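Trainee: based on what follows, work out the 3D shape:
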Amino acid sequence: MAAEEKGLSEAERRLLSAMQDGFLPVPEPFKELADRLGLTEEEVLGELRRLKAAGVIRRLGAIIDSRKIGYTGTLCAMKVPPERIPEVAQVINSFPEITHNYVREHTYNVWFTILAPSAQEIDRIIGEIKEKTGIQDFLNLPARRIFKIRVNFDLEGER
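Mentor: Here you go, the predicted structure:
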């Protein structure tokens, strides 16, 4: 959704742009951000709470390179009868190692990713999902090469 559609103020645009450009891992990250923007920490926190409540910000969190902390990942796909998708999604979502899942219009219609400390742990999770759902039509597509795409929205540019 375009920023104009949410009616963002110039201050909100500056705050969101600054958040995209870098949120430093310092003891008081919101204070550091406030100092950069010439605001108080309370103003930044209040604005972020308001933007989250309004649905402009969905989530605020760290993006960690899982390989650098020893984790491995895989993309999985399952052939799930459409009427069983909610039930199967509930099983998949019960594992904290699942980072996200989604439905696609494809023979393999339920896709999800697993991040775990080892390939053996991923195999265990996949085995449990197969056992709990009874679904054996399953693809396990381990990550071989990682491509990171950085996307920033131009919130302060020409409108």
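Trainee: so how far does stretch 128-147 reach from one end to the other?
Mentor: End-to-end distance of stretch 128-147: 29 Å, with CA to CA, to the nearest Å as the criterion.
Trainee: quick one: the residue located most distally from the centre of the chain and residue 15, what's the gap?
Mentor: What lies farthest from the middle of the chain is residue 38; by CA atoms, centre = their mean that is 29.5 Å. Counting by CB to CB, to the nearest Å, the separation of residue 38 from residue 15 is 11 Å. All C-beta atoms are positioned from the backbone trio N, CA, C, and that covers glycine.
Trainee: where do the strands of this structure begin and end?
Mentor: Along the chain, the stretches classed as strands by DSSP state E are 72-78, 98-103, 110-116, 138-142.
Trainee: worst-scoring helix or strand of this structure, pLDDT-wise?
Mentor: When each helix and strand of the chain is scored by mean pLDDT, DSSP states H and E, helix 10-21 comes last, with a mean of 88.
Trainee: that one - contacts with which helices or strands?
Mentor: helix 29-37, helix 41-53 (3 or more CB pairs under 8 Å, 6 or more residues apart in numbering; DSSP states H and E).
Trainee: just put those helices in CSV and tack on mean neighbour count.
Mentor: Listed next are those as CSV, based on neighbours: other CB atoms under 10 Å:
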stretch, mean neighbour count
helix 29-37, 17
helix 41-53, 15
